[in-house]
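[1] how would this look folded up:
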Amino acid sequence: MASLKGLIRRLVFLFEKFPGLMAVLAFASGVASYVLVEGRETFAQVIAVLMLASWLLLVLEKWLRAGFRNRFNLDMPPAIMRFGTQMVHQESLFFALPFFLAATSWNHGQAVFTSVLILCALISVIDPLYYKQLAPRRSLYLLFHALTLFAVLMVALPLIFQLNTRQSLQLALLIAFLFSLPSLGNLFANGGRWRLPMITLLLLVMAGGLWVMRIWVPPAVLELRGISLSQYLDAEQRSLGPELEQIDATTLREGGLYALTSVRAPRGLRDQIHHVWIHNGAVVDRITLEIEGVSNSGYRAWTHKLNFPADPAGRWQVRVVTDSGQLIGVTRFVVTDSAAVQAP
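    Numbering: from 1, shown residues only. Sure thing, here's the model as predicted:
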């Protein structure tokens, strides 16, 4: 026991004397997570469990410090605890980023959410920004804290528990804000009898805002490998004929259109996705598909739409969305007026 106490004292002294050392270690660990997780679902599951465990330790920080003091008769320096929090943030962001980068539709509002995550990751590794600009602003720091946990949960929950996207989104929101309660308590430390109502209201506003804007949150574990349109489909080979971006109204009504989607999902994950057909900005059809995680090439499924409006001319979109309303991908095509096509 004496040798263990001596080792801990030396480590504490080392990190107090060279505070930048822990930042370097945290950054290296975060980058390693980024590199190792990509394309390795089994390894990602292990990392996901470790991420959730680190957040649990963060929540229990006060009790752990007391236990450490009683056990080793040594106070954990505040600098060590701050670096520990920073390391959890770094690990979480660099773990979640590869999944969000792969799942983001960059021509959509999802680019804003993923760009914010990238910005958070940069802030977490730049000490002057993290400690001098972010940490002193408690409200902003709370948002950073909750967003980081929400991002890692969106990846970890489906990988560990094989939850679908709707379940993952709802549970991630709930857990993120429950885990943020200790920070909220510090934020309203002098709130008196209004403390609990203020905390509850803030939680509801934050959770409601994210739920309303869920279409901007990429479904982190679902990656669109391709979506294409054609009038012909080889069902046995699950392949389309010539792809198209434009078709005339008469041809469209005669043969309809096939939409083929390839979605990559973690092994064992089952989910529902929908092909949402949109004509000039208005939803005209919604067709449901079941997907199941398989090989790296992705799960292929298609819909065949035959029922079109009397006047289908105009701009069309086929959006691939999850059961929770999150966008996986989109393709566009144009239907021209038949008379205009046939005119000399």
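[2] Can you point out the buried residues in stretch 101-117?
    Under the neighbour-count criterion of 16 or more other CB atoms under 10 Å, stretch 101-117 has 101, 102, 103, 104, 105, 108, 110, 113, 114, 117 buried. The C-beta positions use only the backbone N, C-alpha and C, and glycine is treated the same way.
[3] can you give me the end-to-end distance of it?
    In stretch 101-117, first residue to last residue: 10 Å (CA to CA, to the nearest Å).
[4] Is the nearest residue to residue 332 once chain neighbours are set aside bridged to anything, and to what?
    Using CB to CB, 6 or more residues apart in numbering and skipping residues adjacent in sequence, the residue nearest residue 332 is residue 317, 5.2 Å away. Legend: beta-bridge partners of residue 317 under DSSP bridges are residue 278, residue 332.
[5] For residue 317, list the residues it contacts.
    Shown in contact with residue 317 (CB atoms under 8 Å, 6 or more residues apart in numbering): 276, 277, 278, 330, 331, 332.
[6] Then residue 283?
    Each residue near residue 283 by CB under 8 Å, 6+ apart is listed here: 276, 277.
[7] and if we set it to 10 Å?
    Neighbouring residues of residue 283 by CB atoms under 10 Å, 6 or more residues apart in numbering: 276, 277, 317, 319.
[8] What about residue 134, how many residues nearby?
    Using other CB atoms under 10 Å, the number of residues around residue 134 comes to 21.
[9] Now do it against residue 318, distance only.
    Applying CB to CB, to the nearest Å, the value for residue 134 to residue 318 is 41 Å.
[10] ok, now residue 150?
    Residue 150 sits 29 Å away from residue 318 when distances are taken as CB to CB.
[11] cool, residue 251 as well?
    According to CB to CB, residue 251 and residue 318 sit 17 Å apart.
[12] Kindly report the same for residue 90.
    For residue 90, the distance to residue 318 equals 39 Å [CB to CB].
[13] Show me where the stretch 1-150 of the chain dips below the pLDDT cut-off.
    1-52, 54-82 (pLDDT under 70).
[14] Same check on the stretch 201-344 of the chain?
    Using pLDDT under 70, the flagged stretches of the stretch 201-344 of the chain are 238, 266-270, 292-298, 338-344.
[15] At which residues are the strands of it located?
    Counting by DSSP state E, counting those that start in this stretch, the stretch 201-344 of the chain has strands at residues 223-230, 233-234, 239-240, 246-248, 257-264, 270-279, 282-292, 299-305, 314-322, 327-336.
[16] Deepest in the core, which of these is it.
    Most buried of these by mean neighbour count (mean count of other CB atoms under 10 Å) is strand 257-264; its value is a mean of 22.
[17] mind putting the strands of the stretch 201-344 of the chain in TSV, distance to residue 144 included?
    Below are the strands of the stretch 201-344 of the chain laid out as TSV (distance: least, CB to CB, whole Å):
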stretch	distance to residue 144
strand 223-230	26
strand 233-234	47
strand 239-240	44
strand 246-248	46
strand 257-264	30
strand 270-279	29
strand 282-292	33
strand 299-305	35
strand 314-322	26
strand 327-336	25
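[18] Ok, which of these comes nearest residue 200?
    Comparing the strands of the stretch 201-344 of the chain against residue 200 with CB to CB, the closest turns out to be strand 314-322 (28.9 Å).
[19] Tell me who's in contact with residue 242.
    228, 229, 230, 231, 232.
[20] Name the nearest of these relative to residue 240.
    Distance to residue 240, by CB to CB, is smallest for residue 230 among the contacts of residue 242, at 3.9 Å.
[21] how about the strands of the stretch 201-344 of the chain, which one is nearest residue 126?
    strand 223-230 (29.3 Å).
[22] Show me what the closest one is packed up against.
    Applying 3 or more CB pairs under 10 Å, 6 or more residues apart in numbering; DSSP states H and E, we find strand 223-230 packed against helix 78-103, strand 239-240, strand 257-264, strand 299-305, strand 314-322, strand 327-336.
[23] and residue 336, what are its bridge partners?
    residue 248.
[24] Hmm, residue 245 and it touching each other?
    No: Residue 336 is beyond contact range of residue 245, at 11.3 Å (criterion: CB atoms under 10 Å).
[25] okay, and the common contacts of these two?
    Counting by CB under 10 Å, 6+ apart, residue 336 and residue 245 have no contacts in common.
[26] buried residues in stretch 122-137?
    So for stretch 122-137, counting by 16+ other CB under 10 Å, buried means 123, 124, 125, 130, 134.
[27] Return the member of the contacts of residue 317 nearest to residue 219.
    Distance to residue 219 across the contacts of residue 317 (CB to CB) is lowest for residue 330, with 13.4 Å.
[28] wait, what's in contact with the closest one?
    So residue 330 contacts 105, 107, 108, 224, 227, 276, 278, 317, 318, 319, 320, 321 (CB under 10 Å, 6+ apart).
[29] That's all I had, so thanks and see you.
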